[in-house]
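In: For reference, the sequence and a predicted model appear below.
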Amino acid sequence: DAGVIQSPRHEVTEMGQEVTLRCKPISGHNSLFWYRQTMMRGLELLIYFNNNVPIDDSGMPEDRFSAKMPNASFSTLKIQPSEPRDSAVYFCASSFYDTTPWGEQFFGPGTRLTVL
Amino acid sequence: AQTVTQSQPEMSVQEAETVTLSCTYDTSENNYYLFWYKQPPSRQMILVIRQEAYKQQNATENRFSVNFQKAAKSFSLKISDSQLGDTAMYFCAFMKHVYNNDMRFGAGTRLTVKP
């Protein structure tokens, strides 16, 4: 399996521009998570989906952030308009949500976003 | 809300020595899951070890073991025979249960293994 795939790996944009981050979860997984990692705040959960349905978006910082999961194999995290304080590494993770224990999350390689 | 605390921002250890990373958490749940993740310079998050709260036996994975103290809400990671490749950020994480499977992470401990 290729693991969780994220694109792009690096993104540099200017303040005010729209940014779209993409994620392809592991095939067969039915939970998907978006995290943001910064030096100041560590690893924060932004939003997660079970079976393509958003379950908890309380970590989304502002209305400028939105996430979608149109199908089981694809999700996007959009920032519009972007600001310099959005600069961070954004991780996508997936897991298999079921009655079985663990629900171990498998992480993608992350997207390093720089907003100038 | 569950919180996870890692009180050691940085640690170092000599190659081949043993090091213990601390983690405490706060929860009112009786059953839950605990994890240690490793993040090397490549940024990839890698699961190191995991523990179910209802299991009293401490989990072990080769050179990695945990000391799980449920009453004290403590979940420390011991790395034996440290290797240069163990140099990384280590994150402790808590998951309430599989039906609410969002994971909460601690701030991390940066471990450096010195030759």
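Out: That came in fine, so what should we check first?
In: Leaving out chain neighbours, which residue sits closest to residue A:4?
Out: For residue A:4, ignoring the flanking residues on the chain, the nearest one in space by CB to CB, 6 or more residues apart in numbering or on different chains is residue A:108 at 3.6 Å. Where C-beta positions appear, they are placed from N, C-alpha and C, glycine not excepted.
In: Figure out how far stretch B:26-37 is from the centre of its chain.
Out: 11 Å (CA atoms, centre = their mean, to the nearest Å).
In: Quote the end-to-end distance of it.
Out: Stretch B:26-37 has an end-to-end distance of 19 Å (criterion: CA to CA, to the nearest Å).
In: Could you pull up the residues touching residue A:18?
Out: Contacts here follow CB atoms under 8 Å, 6 or more residues apart in numbering or on different chains; on that basis residue A:18 touches A:78-82.
In: can those residues go into a markdown table with extra columns for pLDDT and secondary structure?
Out: Below are these laid out as a markdown table (pLDDT from 0 to 100; DSSP: H, G, I helix; E, B strand; the rest coil):
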| residue | pLDDT | secondary structure |
| --- | --- | --- |
| A:78 | 98 | strand |
| A:79 | 97 | strand |
| A:80 | 96 | coil |
| A:81 | 96 | coil |
| A:82 | 96 | coil |
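In: quick one: the closest residue to chain A within chain B from residue A:89, how far?
Out: Residue nearest to chain A within chain B: residue B:45 (3.7 Å; CB to the nearest CB). Applying CB to CB, to the nearest Å, the value for residue B:45 to residue A:89 is 10 Å.
In: More neighbours: which of these two?
Out: residue B:45 (25 against 17; other CB atoms under 10 Å in any protein chain shown).
In: Chain neighbours aside, what residue packs nearest to the more buried one?
Out: In space, residue B:45 is closest to residue A:107, 3.7 Å off (CB to CB, 6+ apart).
In: you'd agree the one you found is up against residue A:91?
Out: Yes. With contacts counted by CB atoms under 8 Å, residue A:107 reaches residue A:91, the gap being 5.4 Å.
In: mind checking the longest strand of chain B?
Out: strand B:88-97 (DSSP state E).
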